[in-house]
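J.: next one to model:
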Amino acid sequence: MFKKIRVRKVSEEVVDQIKSAILEGRLKPGDKLPPERELVKDMGVSRVSLREALNSLESVGFVEIRQGGGSFVRSVVSDRIKDPLDLMMKENVSKVFDLIEVRKGIETWAAYHAAGRATEEDIEILTKIVETMKRELDESKPSPKSDADFHLALSQASHNTIQAHLMFTIYALLEEYLRFLNEKTLSNPEVRDRLYQQHLRISHAVKNRDGEAARREVMEHLNFVEGELKKLLPLPG
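T.: I've put the predicted structure just below:
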């Protein structure tokens, strides 16, 4: 009739807390967890229990432990989606345009909802990234990292955890192509300025809580990126 009451291990409680923070979006894909000594102090657990919890989270794909570099949140959809799609894109370069088409659907949706859901902190993050873009533009030192940071921050501002993890995975897939695009186009001052202006308009639309404008500006930006890639990639006839 009755079951034995099971006393949970401390490490299982740690796993639950970190997993909840990831699933609720308080910890985002790519975020670095606080140092072990800080987690031990904040949670009131031993270093042994903490490490057991982190190893457990790594085994199920929630975190990645980098030797000497700390622990990082992984995309919960990363391996199952990324690996086969990565192989597909390497075998057929035109599939990158299929992925951009997917981005148009996901990112315009994210922009629309970010305009309605973004916190003041989210808006400040987007604003600071655009300011960094402007500084890099003025110094003729554009960085592809700022572009990726902006789109991931926009996704996170939609406050949909699954969407944020999907975007993190998509950017991992596109990393090689976006680096190639940036190397070829960011040397062109006109292209650099257009990209900056596009991101500026997106951030303004989110700040102004104008979902339709945010959606429209993201679509215009992605159409432009798609057009530039088509000029550069050797597509099959």
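J.: tell me which element residue 64 falls in.
T.: strand 63-66 (DSSP states H and E).
J.: the helix or strand that comes right after that strand: which residues count as buried?
T.: As assigned by DSSP H and E, the chain's next helix or strand after strand 63-66 is strand 70-73. Buried residues in strand 70-73, counted by 16 or more other Cβ atoms under 10 Å: 71, 73. Where you see a C-beta, it was placed from the backbone N, CA and C, and this is true even at glycine.
J.: so what does strand 70-73 touch, helix or strand wise?
T.: Using 3 or more Cβ pairs under 8 Å, 6 or more residues apart in numbering; DSSP states H and E as the contact criterion, the secondary-structure elements in contact with strand 70-73 are strand 63-66.
J.: give the rounded mean pLDDT of the strand it packs on.
T.: With pLDDT averaged residue by residue, strand 63-66 scores 88.
J.: okay, that strand in CSV with CA atoms only?
T.: What follows is the C-alpha trace of strand 63-66 in CSV, where atoms were taken according to Å, rounded to 0.1, in the frame of the first residue of the first chain:
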residue,chain,number,x,y,z
VAL,A,63,25.7,21.9,-19.6
GLU,A,64,29.2,21.5,-21.1
ILE,A,65,32.1,21.4,-18.7
ARG,A,66,35.3,22.8,-20.3
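J.: buried sites along that strand?
T.: Applying 16+ other Cβ under 10 Å to strand 63-66 flags residue 63 as buried.
J.: please compute how far it lies from its chain's middle.
T.: When distances are taken as Cα atoms, centre = their mean, to the nearest Å, strand 63-66 is centred 17 Å away from the chain's centroid.
J.: for this structure, where's the lowest mean pLDDT among helices and strands?
T.: Of all regular secondary-structure elements in the chain, judged by mean pLDDT, DSSP states H and E, the least confident is helix 78-91 with a mean of 54.
J.: what's downstream of that one, the next helix or strand?
T.: Heading C-terminal from helix 78-91, the first helix or strand you meet, by DSSP H and E, is helix 95-117.
J.: now that next one: mean pLDDT?
T.: Averaged across helix 95-117, the pLDDT comes to 91.
J.: and residue 45, what element?
T.: If you go by DSSP H and E, residue 45 is not part of any helix or strand.
J.: what sits against it?
T.: 10-11, 13-14, 39 (Cβ atoms under 8 Å, 6 or more residues apart in numbering).
J.: so how far is residue 39 from it?
T.: 8 Å (Cβ to Cβ, to the nearest Å).
J.: touching both of these two, which residues are there?
T.: Taking Cβ under 8 Å, 6+ apart as the criterion, residue 45 and residue 39 both touch residue 14.
J.: phi, psi for residue 208 please.
T.: When read as degrees, to the nearest 10, the backbone of residue 208 gives phi -80, psi 0.
J.: which residues does it contact?
T.: residue 115 are the contacts of residue 208 under Cβ under 8 Å, 6+ apart.
J.: quick one: it from residue 168, how far?
T.: According to Cβ to Cβ, residue 208 stands 27 Å off from residue 168.
J.: quick one on the thing from earlier: mind checking which of the contacts of residue 45 are in helices?
T.: Using DSSP state H, the members of the contacts of residue 45 that fall in helices are 10-11, 13-14, 39.
J.: which one (most neighbours) among the contacts of residue 45?
T.: residue 14 (22 neighbours; other Cβ atoms under 10 Å).
J.: residues touching the closest residue to it other than its chain neighbours, list them.
T.: By the measure of Cβ to Cβ, 6 or more residues apart in numbering, the closest residue to residue 14 outside its immediate chain neighbours is residue 53, 3.6 Å from it. With contacts taken as Cβ under 8 Å, 6+ apart, residue 53 has the following neighbours: 11-12, 14-15, 18.
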